[in-house]
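Peer 1: Need coordinates for the following:
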Amino acid sequence: MNIKDRLVQHLQAAPSAPFLFLGSGFSRRYIGLPQWNELLKQFAVDSDEFEYLLSSAAQDLPKVASLLAETFHDRWWKAKAYEKNRKQFSSQMKDRTSALRFEICQYIIGLTNSDQKTFLSAEVDALKELNIEGVITTNWDRFIETLYPDYKVFIGQDELLFSNPQSIGEIYKIHGCASQHNSLVLTSEDYSSFQKKNPYLAAKLITLFVEHPIVFIGYSIADQNVRSLLRAIASVLSQDKLDKLSKNLIFLQRSNGGEASYSTGIIALDDGDLPITIVKTDDYLPVYEAIHSVKRKMPARILRYCKEQLYELVSQTELSQKMFVVDPSSIADKSDVEFVVGIGVAAERAGRLGYKGISTFNLFEDLLLEKHQFDAGCILSDSVPLLGRSTPFIPVFKYLRHFDIKNNKSYKECKWDLEKHLPASQNHYRTPSYNKAFEKKAKGMTVKEIIEKFDTRTAAVYIPFVLKKDFDAPAVKQFLEDNINQMAKSSLSTTLRKLACAYDYHIYGWDTFKKKII
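Peer 2: Below is the predicted model:
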């Protein structure tokens, strides 16, 4: 039996379609991306400097990147070769590693947009047609996005951790992406931070690894990124789940001129050996054809949308105010059910009940990204009263403006009591303990200057102190959009949400504190 038939048999026995886990070898194969050491070497002054850095870092490439970033920072700000990029992008340089990150990204984007290797065009065409649930990758390039343009992309560890992925029709770029240079996991400090959060990432992916075949392409089985993640996942699994995990791990590797083979291998973990499947071949087309053989009724992007949008009203003898997402895989009898839709009165009532399940973060997403099409009346009547029990900082002005409420008079005549969410004074969105620090360090600065000079937390605290006439709303909006994931759940969430409410006030609100609202 050839490798294609063996893989078809393997994949068809699995309960779900595969995920791809892509490493640097994948990008090297299809777009000619150099190995990491060669990539870093291009940004050294010459070979001698790079060899010096290698020696200084004891051959540890993340440490090399840290050292190179320091020397490259000074060169980028002075050398004529980077003058054009300095003029256009200097405001995006947040620290001494930013210049190296930025230029690496520019180089990678150029490769992604260049002509691909034509002799592998059959493999690329096959990749585009694959029936896969999604992709996990440590690669920075955007080649995978060109293959699956309809898939939702999560960039960086934090974005994946603080989001609600559906595990269908998605791409997880856990080491960052060239489209956001500050997202790259590049230096030794980046890797240290990544490893600290690795258990949380493993927890997020554990069901995916147990329930789906994972096809690794472009990795050595000795790769530390892979071993670290598998170690974190395996450490919390029972023996029966470990057995399922083992059957799901498939490593595709080049045979380097040898015969194609399909065999069992071993990855050594802390508590024992983890069996895996190893497929070796120089021609990946039969492997992609085997993956394509796992047929589905609907494309992954459609399934993802259905899973994200499918809700069920909790059935109880008394009226329930709760709604929860139903995983389609949990439906007992799939043979007769493809999708269930509520119509008419029941659907309208369910929709109203759904507004009681909206989170405060959803409202900030709606304010900044306009990604939801919420009914303003339902938000003010159903969502805000519940959310207001735990926080006064809710962006209500946007929804009031929908009803042309833009002054104290029109607010007094409306049916909503939102007093606790309206500013009581011009200092409402300011943090008093930072007043002296702002006066000393940032008074007179523009919003853009504050954002460029200070870290995220400090900038978010200082901006509300800027005078109303100088409040640069577009700059504030961009700053909040750049940090939207921090608003979901992090140590900065309260500070950023407070600033977002100030933005809501400046764009849609009025001076509620000039007259007492009776």
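
Peer 1: From now on I want contacts and neighbour counts done on CA atoms only, so please keep to that.
Peer 2: Noted.

Peer 1: Can you give the domain ranges for the chain?
Peer 2: Domain assignment for the chain by automatic domain parsing gives 3-31+118-292, 36-113, 310-357, 368-508.

Peer 1: now those domains as CSV including mean pLDDT?
Peer 2: Below are these laid out as CSV (pLDDT from 0 to 100):
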stretch, mean pLDDT
domain 3-31+118-292, 90
domain 36-113, 93
domain 310-357, 45
domain 368-508, 91
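
Peer 1: Out of these, indicate the one that is most buried.
Peer 2: Ranked by mean neighbour count under mean count of other Cα atoms under 10 Å, those are led by domain 3-31+118-292, which reaches a mean of 18.

Peer 1: and it, how far apart are its ends?
Peer 2: End-to-end distance of domain 3-31+118-292 (Cα to Cα, to the nearest Å): 14 Å.

Peer 1: next one: stretch 176-189
Peer 2: Per Cα to Cα, the first residue of stretch 176-189 is 14 Å away from its last.

Peer 1: contacts for it?
Peer 2: Contacts with stretch 176-189, where a contact means Cα atoms under 8 Å, 6 or more residues apart in numbering, come from 62-66, 98, 101-102, 104-106, 108-109, 138-142, 155-157, 175, 190-191, 194.

Peer 1: What about those residues, which are in strands?
Peer 2: residue 155 (DSSP state E).

Peer 1: residue ranges for the helices of the stretch 401-518 of the chain, please.
Peer 2: In the stretch 401-518 of the chain, the helices defined using DSSP state H, counting those that start in this stretch lie at 408-412, 435-441, 447-453, 456-462, 473-482, 484-488, 493-508.

Peer 1: other SSEs contacting the longest one?
Peer 2: On a contact count with 3 or more Cα pairs under 8 Å, 6 or more residues apart in numbering; DSSP states H and E, helix 493-508 meets helix 360-369, helix 397-401, helix 456-462, helix 473-482, helix 484-488.

Peer 1: And for the fourth one?
Peer 2: Helices and strands touching helix 456-462, as assessed by 3+ Cα pairs under 8 Å, 6+ apart, comprise helix 447-453, helix 493-508.

Peer 1: make it 10 Å
Peer 2: Counting by 3 or more Cα pairs under 10 Å, 6 or more residues apart in numbering; DSSP states H and E, the packing neighbours recorded for helix 456-462 are helix 435-441, helix 447-453, helix 473-482, helix 493-508.

Peer 1: got a markdown table for the ones you listed, with distance to residue 424 too?
Peer 2: As requested, these are exported to a markdown table (distance: least, Cα to Cα, whole Å):
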| stretch | distance to residue 424 |
| --- | --- |
| helix 435-441 | 18 |
| helix 447-453 | 23 |
| helix 473-482 | 21 |
| helix 493-508 | 12 |
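
Peer 1: Can you tell me which of these is nearest to residue 76?
Peer 2: Checking the helices and strands packed on helix 456-462 against residue 76 by Cα to Cα gives helix 447-453 as the closest, at 17.8 Å.

Peer 1: Can you list the neighbours in contact with that closest one?
Peer 2: With contact meaning Cα atoms under 10 Å, 6 or more residues apart in numbering, helix 447-453 is reached by 90-95, 441-446, 456-460, 462-466, 470-476, 479.

Peer 1: Can I get that helix in PDB? Just the C-alpha atoms.
Peer 2: The C-alpha trace of helix 447-453 is given here as PDB (Å, rounded to 0.1, in the frame of the first residue of the first chain):
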ATOM      1  CA  VAL A 447      -2.000  62.600  21.800                       C
ATOM      2  CA  LYS A 448       0.200  61.200  19.200                       C
ATOM      3  CA  GLU A 449       3.300  62.300  21.100                       C
ATOM      4  CA  ILE A 450       2.000  60.700  24.300                       C
ATOM      5  CA  ILE A 451       1.400  57.400  22.400                       C
ATOM      6  CA  GLU A 452       4.800  57.400  20.800                       C
ATOM      7  CA  LYS A 453       6.700  58.300  24.000                       C
END
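
Peer 1: how far does it sit from the chain's center?
Peer 2: Mean-position distance between helix 447-453 and its chain equals 25 Å (Cα atoms, centre = their mean, to the nearest Å).

Peer 1: do the same with stretch 11-24
Peer 2: 21 Å.

Peer 1: Ends of that stretch, what's the gap?
Peer 2: For stretch 11-24, the first-to-last residue distance is 24 Å (Cα to Cα).

Peer 1: Out of the helices and strands packed on helix 456-462, which is closest to residue 404?
Peer 2: helix 493-508 (10.0 Å).

Peer 1: What angle do helix 473-482 and the closest one make with each other?
Peer 2: Relative orientation of helix 493-508 versus helix 473-482 (axes from the mean of the first three to the mean of the last three Cα atoms, to 10 degrees): 150 degrees.

Peer 1: Report the angle between helix 493-508 and helix 360-369.
Peer 2: Computed with the same axes, to 10 degrees, the direction of helix 493-508 lies at 40 degrees from that of helix 360-369.

Peer 1: C-alpha coordinates for helix 493-508, PDB please?
Peer 2: Output of helix 493-508 as PDB, limited to C-alpha atoms (Å, rounded to 0.1, in the frame of the first residue of the first chain):
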ATOM      1  CA  SER A 493      -8.300  46.200  30.500                       C
ATOM      2  CA  THR A 494      -9.800  48.600  33.000                       C
ATOM      3  CA  THR A 495      -7.500  51.400  32.000                       C
ATOM      4  CA  LEU A 496      -8.100  50.900  28.300                       C
ATOM      5  CA  ARG A 497     -11.900  50.600  28.800                       C
ATOM      6  CA  LYS A 498     -11.900  53.900  30.700                       C
ATOM      7  CA  LEU A 499     -10.100  55.600  27.800                       C
ATOM      8  CA  ALA A 500     -12.500  54.000  25.400                       C
ATOM      9  CA  CYS A 501     -15.400  55.600  27.300                       C
ATOM     10  CA  ALA A 502     -13.600  58.900  27.100                       C
ATOM     11  CA  TYR A 503     -13.400  58.400  23.300                       C
ATOM     12  CA  ASP A 504     -17.200  57.600  23.200                       C
ATOM     13  CA  TYR A 505     -17.900  60.800  25.200                       C
ATOM     14  CA  HIS A 506     -15.700  63.000  22.900                       C
ATOM     15  CA  ILE A 507     -17.200  61.500  19.700                       C
ATOM     16  CA  TYR A 508     -20.900  61.000  20.500                       C
END
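
Peer 1: which one's the longest helix in this protein?
Peer 2: Longest helix in the chain, counting residues (DSSP state H): helix 188-211.

Peer 1: helix or strand right after that one?
Peer 2: Downstream of helix 188-211, the next assigned helix or strand under DSSP states H and E is strand 214-217.

Peer 1: I would like the residues contacting that next one, please.
Peer 2: Strand 214-217 has contacts (Cα under 10 Å, 6+ apart) with 17-27, 132, 134-137, 208, 226, 245, 247-254, 277-279, 284, 287, 291.

Peer 1: rewinding a little: out of the helices of the stretch 401-518 of the chain, which comes closest to residue 113?
Peer 2: Closest approach to residue 113 among the helices of the stretch 401-518 of the chain (Cα to Cα): helix 473-482, 24.8 Å.

Peer 1: which secondary structure elements does that closest one contact?
Peer 2: On a contact count with 3+ Cα pairs under 10 Å, 6+ apart, helix 473-482 meets helix 360-369, helix 447-453, helix 456-462, helix 484-488, helix 493-508.

Peer 1: same thing but at 7 Å, please
Peer 2: If you count contacts as 3 or more Cα pairs under 7 Å, 6 or more residues apart in numbering; DSSP states H and E, helix 473-482 packs onto no helix or strand.
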